[in-house]
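[1] let me see the structure of the following:
(chains A and B)
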Amino acid sequence: MRLQVIEESDELTHVSLHGSLDSGGSNKIDLEFTRVTAGRGKPTIVDMADVSFVASMGIRLLISCAKPLVKAGANLVLLEPHPLVEALLTKGGVTQVLPVAHSMDEAKQLLGLA
Amino acid sequence: MAREKVHELLLEFGNLLPELDQAAETLHRFLDAHRVPAKGAYAIRLALEEIATNIIKFAHDDGARHEITVKVVLGKDAATLTFEDDGREFDPSAPRSIPSGDSIEERPIGGLGIFLVQDMADEVKYRRARGKNVLEVRVQL
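    Below is the predicted model:
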């Protein structure tokens, strides 16, 4: 699992994830992901297009970083998850609390930035 | 009489997350090599990840190394994973529900893994035998 920071502005945090967000993948990026998302406290887009697999430890990381963002009046949006990943997130009820966007415009709208 | 071709993989690893990572990578390559359809492959990988992580985190509290074995049998239409571990008695086949909480603030962070395996598998069967947990997970391909 690899994390890439695309934008860290006053308006927005935009990161992309690459690989498998399982227990190993989550452990690998935990500190940096938390720093750049919850740590910055900005509206956040997590680009999931290149994430081929998500398991519960990955969901745990996403939710644990989203919680303080919501508390701070921001939010975290998942952008373009793979269909199988989105199906898993839906089955787990995660999409009820973590919004999913299928375009950058939609993501920004969900964050109140468009 | 026609016989169905069956492919098998035996994973043996210790109760440490880095060893699970390696086992998961071996499984991923095995599934790719046998061209398992994407949806079935996802369910199989998820079963390994969630069941093994649960064993690693909760099955022992003695700090010692314990072995986990997972036998994967791939048939034409279904795959079966059989997990064995010598940890405390635990039945992951008991029905689970999604951890509740309508808002992000209320949503518990853990508790989802076993539910997802139960949802994605066709059958989850548990027994306790010779002091070991034996779990069979069947996934339609």
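
[2] number of residues surrounding residue 57?
    All of this refers to chain A. Applying other Cβ atoms under 10 Å in any protein chain shown, we find 23 other residues in the vicinity of A:M57. Every C-beta, even on glycine, is put in place using the N, C-alpha and C of the backbone.

[3] wrong chain, I was asking about chain B
    Every residue meeting other Cβ under 10 Å relative to B:K57 is counted, giving 14.

[4] and the host helix or strand of it, does that touch chain A?
    Per DSSP states H and E, B:K57 falls inside helix B:38-58. Yes. Using Cβ under 8 Å from any Cβ of the partner chain, helix B:38-58 comes into contact with chain A via B:A38, B:K39, B:Y42, B:R45, B:L46, B:E49, B:E50, B:T53.

[5] ok, stretch B:121-128 next?
    No. Using Cβ under 8 Å from any Cβ, stretch B:121-128 stays clear of chain A, with a minimum separation of 12.2 Å.

[6] checking my notes, B:A23 in a strand, right?
    No. With DSSP: H, G, I helix; E, B strand; the rest coil as the criterion, B:A23 is located in helix rather than a strand.

[7] and it, what does it touch?
    Contact partners of B:A23, counting by Cβ atoms under 8 Å, 6 or more residues apart in numbering or on different chains, are B:L11, B:F13, B:L48, B:A52, B:V70.

[8] how about the residue lying closest to the fourth one once chain neighbours are set aside, what does it touch?
    Just to be clear, that refers to B:A52. Closest residue to B:A52 apart from its sequence neighbours, by Cβ to Cβ, 6 or more residues apart in numbering or on different chains: B:L20 at 5.0 Å. The contact partners of B:L20, by Cβ under 8 Å, 6+ apart, come to A:S23, A:G24, B:F13, B:L48, B:E49, B:A52, B:T53, B:I56.

[9] nearest to B:T80, of these?
    Nearest to B:T80 among these, counting by Cβ to Cβ, is B:L48 at 12.4 Å.

[10] show me where chain A has helices.
    Under the criterion DSSP state H, chain A contains helices at A:23-36, A:56-71, A:83-91, A:104-110.

[11] so where is chain B shaky, pLDDT-wise?
    Within chain B, the ranges that satisfy pLDDT under 70 run B:1-4, B:99-111.

[12] could you dump the contacts of B:L20 to a markdown table with neighbour count?
    Below are the contacts of B:L20 laid out as a markdown table (neighbours: other Cβ atoms under 10 Å in any protein chain shown):
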| residue | neighbour count |
| --- | --- |
| A:S23 | 26 |
| A:G24 | 21 |
| B:F13 | 19 |
| B:L48 | 25 |
| B:E49 | 28 |
| B:A52 | 25 |
| B:T53 | 20 |
| B:I56 | 21 |
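
[13] distance to B:L141 added to those residues, as a markdown table?
    Listed next are the contacts of B:L20 as a markdown table, based on distance: Cβ to Cβ, whole Å:
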| residue | distance to B:L141 |
| --- | --- |
| A:S23 | 25 |
| A:G24 | 25 |
| B:F13 | 24 |
| B:L48 | 15 |
| B:E49 | 18 |
| B:A52 | 21 |
| B:T53 | 23 |
| B:I56 | 27 |
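
[14] going along the chain, name the strands of chain B.
    Taking DSSP state E to define them, one finds strands in chain B at B:7-14, B:67-74, B:78-85, B:123-129, B:132-140.
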